[in-house]
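# Let's see this in three dimensions:
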Amino acid sequence: MTREVGFHEGRLRIVLPGTWGNVPLADPAESATYVRRLVRRQVGPADRLARARREATQEILENVAAARAVGVHTYLTSLELLPGVPFPAALLAIDEEWPAAAAELLTAGDVAGALRAAFPDGEVAEQRSGPVARVVEMTRGATPDGDEVLTMRLEYHVPYPDRSRLLLARVNVPGIPSAEPFATLFDEILDSLTFMEQVPAEAAATASS
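From the prediction side, this is the model:
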């Protein structure tokens, strides 16, 4: 099960698997109402689940507040990455300027080279929208039973079609047993990203309906 989600005031669309919510960021009260409703739907309304609902809601709202404070314009959250795969995840998006290290190659039209210069710790791959830089960070931890788990953080630096700036998409997936297949899943999710300014008006109207 997948669905296409519009964000950043309809300028971008992305295809998401599983069950995701697009948390409104402009109004903190609206954010809180939305998150409570999302958590209740996913966790369930039973009284015995009240603590789980409360903890999930508090954690998401704290993350939303931190994201709002740094100018994030999109906060996508999931309590189920795929049907039957109940790992939480968050995908945040914010516009960013090109680092100075990319200027010379960008002027020369070498977008992939500009991304490599700007993000030397990352890897550059070709996606539908063009070259994209991905930076990976893995943190190891353990469950109360002693089982090893990972927190995976991904950063995707995606050039806008006019190359004037970058879309930074940050992904956080805690408590997973291994990096795969989750890293591949998010590569595929980001590969579905569509900049609506590139879409002909008739097709854009169809996608929005």
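# quick one: low-confidence ranges for the protein?
1, 86, 198-209 (pLDDT under 70).
# Can you check which helix is longest in this structure?
Counting by DSSP state H, the longest helix found in the chain is helix 50-69.
# Beyond that helix, next helix or strand please.
Where DSSP states H and E defines the elements, the next helix or strand beyond helix 50-69 is strand 74-80.
# which residue is nearest the middle of the chain?
Closest residue to the average C-alpha location of the chain: residue 91 at 2.1 Å, with C-alpha atoms, centre = their mean.
# Go through stretch 87-106 and flag the buried ones.
For stretch 87-106, a neighbour-count test (16 or more other C-beta atoms under 10 Å) marks 87, 88, 89, 90, 91, 92, 93, 94, 98, 102, 105, 106 as buried. Every residue, glycine included, has its C-beta placed from N, CA and C.
# I'd like to know which elements the longest helix of the chain is packed against.
helix 28-43, strand 74-80, strand 89-96 (3 or more C-beta pairs under 8 Å, 6 or more residues apart in numbering; DSSP states H and E).
# run the last query once more with 6 Å
Counting contacts by 3 or more C-beta pairs under 6 Å, 6 or more residues apart in numbering; DSSP states H and E, helix 50-69 packs against helix 28-43, strand 74-80.
# picking that back up, the residue nearest to the centre of the chain - nearest residue in space that isn't next to it in sequence?
For residue 91, ignoring the flanking residues on the chain, the nearest one in space by C-beta to C-beta, 6 or more residues apart in numbering is residue 76 at 4.3 Å.
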